[in-house]
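**Q** 3D, please:
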Amino acid sequence: MSTQMGLSEGEILGLGSGIPARIFRKGVRILFGVIEKGNVIGACTTHLAERGLRIEQVTEYDRIPEIVERAQKEYLTPVVSPVHNDLTQGNCIWLVAWLGDQPAMVGGARLEALGAESVSSFWPRSLGRMYGREPGELIHSVSSEISSRLNGNLAYFGDLHVNPSMRGMLSNLRAFIAIGHMAVSLNWDPDFTYAFVREADVMRGAAARYGFLDVFPQPMVWNNPPKPRSNGEWCGVLPRDKLRIMATSVVQGLSVAPKSNPGAQAIRQQYESTSDEPVASVT
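**A** Numbers count the residues shown, from 1 in each chain. Here you go, the predicted structure:
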């Protein structure tokens, strides 16, 4: 089964909908709780729906490789891949933004309940198994800074991708990723959500666009890193206590975003005016 996150998402959750004005009250520090998170989802899904995009939470995980391929993503990392993991609704969230029958954006998250264990022991063991290597063979070391920072219940957020034929509106990407962060928080309430981001992308501000407000260079040193991993990656981190700040920034940005994306509009027009065959790309 799959969950459709449309305009009535707030009603589905029993949380209300629309712009979460309560979290923007000037000079007042208030709790960013379940209702506020549901309202953020409502604001973001409304923004996307107005631009022809609908959100699906995919729970039939064997569909993921085919959806990722249709989104023109060249790889699926093993951390959130159904090929390498026993994914369940309790430990994994996969979201897809659809434009017609085409996947416009994809992304997955996985719960990692470390307890008292540190990532310095968890990453070599877990990633080594996923990539088919021995722990000491794959990862040389994990930085002490990131090891002391990440602990407790973690959520890995990866394989974020925008179909190359549908790029061009930053607000859509930010809304999609914010929905992912809210879903992660509502399901697991992790201490930290993290992702690996290429250094060049960090320099272009991608970590902030993805909602990761803290960044750490070279979180680990790989021995002959498997693609797409590299020693030039950074670790982007969103602590639980910064979730409200991130959500506030996203929703405020939606209020001044353009009403339509010319690229997406052209794709939609072609999709609606042609046969039932999926539209792979529009140049």
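**Q** quick one: average pLDDT of stretch 230-246?
**A** Averaged over stretch 230-246, pLDDT sits at 95.
**Q** same deal with stretch 133-148?
**A** Stretch 133-148 comes out at a mean pLDDT of 90.
**Q** and the end-to-end length of it?
**A** Across stretch 133-148, the terminal residues are separated by 25 Å (CA to CA, to the nearest Å).
**Q** can you check stretch 51-61 too?
**A** 27 Å.
**Q** how about it: buried residues?
**A** Using 16 or more other CB atoms under 10 Å as the burial criterion, the residues of stretch 51-61 that qualify are 51, 52, 53, 54, 55, 56, 57, 58, 61. (C-beta placed from N, C-alpha, C; glycine too.)
**Q** tell me which element the fifth one is part of?
**A** Meaning residue 55. Assessed by DSSP states H and E, residue 55 sits inside strand 53-58.
**Q** if we can go back for a sec, from the buried residues of stretch 51-61, which is closest to residue 252?
**A** If you rank the buried residues of stretch 51-61 by distance to residue 252 using CB to CB, residue 51 comes first, at 17.8 Å.
**Q** these two touch, right, residue 199 and residue 232?
**A** Yes - using CB atoms under 8 Å as the test, residue 199 is close enough to residue 232 to be in contact (4.4 Å).
**Q** so for the two, which residue has more residues nearby?
**A** Neighbours per residue (other CB atoms under 10 Å) separate residue 199 from residue 232, with residue 199 holding more: 15 against 12.
**Q** quick one: contacts for that one?
**A** By CB atoms under 8 Å, 6 or more residues apart in numbering, residue 199 lies in contact with 217, 232, 233, 234.
**Q** which ones are touching the first one?
**A** Neighbour list for residue 217: 199, 234 [criterion: CB under 8 Å, 6+ apart].
**Q** 6 Å instead, please
**A** Applying CB atoms under 6 Å, 6 or more residues apart in numbering, we find residue 217 in contact with residue 234.
**Q** now residue 61
**A** Residue 61 neighbours (CB under 6 Å, 6+ apart): 82, 87.
**Q** tell me which stretches of the stretch 1-150 of the chain form helices.
**A** Assigned helices in the stretch 1-150 of the chain, in chain order: 9-13, 34-49, 64-70, 119-130, 135-138, 144-149 (criterion: DSSP state H, counting those that start in this stretch).
**Q** most packed of those?
**A** Neighbour counts (mean count of other CB atoms under 10 Å) averaged over each of these peak at helix 34-49, with a mean of 23.
**Q** mind checking the pLDDT average for it?
**A** Here the average pLDDT along helix 34-49 is 94.
**Q** just the CA atoms of that helix, as PDB, please.
**A** Taking Å, rounded to 0.1, in the frame of the first residue of the first chain, the C-alpha atoms of helix 34-49 are listed here in PDB:
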ATOM      1  CA  VAL A  34       2.800  17.500  16.000                       C
ATOM      2  CA  ILE A  35       0.200  20.100  14.900                       C
ATOM      3  CA  GLU A  36       2.900  22.500  13.600                       C
ATOM      4  CA  LYS A  37       4.700  19.700  11.700                       C
ATOM      5  CA  GLY A  38       1.400  18.600  10.200                       C
ATOM      6  CA  ASN A  39       0.800  22.200   9.100                       C
ATOM      7  CA  VAL A  40       4.200  22.400   7.500                       C
ATOM      8  CA  ILE A  41       3.300  19.300   5.500                       C
ATOM      9  CA  GLY A  42       0.000  20.900   4.500                       C
ATOM     10  CA  ALA A  43       1.700  24.100   3.400                       C
ATOM     11  CA  CYS A  44       4.300  22.200   1.300                       C
ATOM     12  CA  THR A  45       1.900  19.800  -0.300                       C
ATOM     13  CA  THR A  46      -0.400  22.700  -1.200                       C
ATOM     14  CA  HIS A  47       2.500  24.500  -2.800                       C
ATOM     15  CA  LEU A  48       3.500  21.400  -4.800                       C
ATOM     16  CA  ALA A  49      -0.100  20.600  -5.800                       C
END
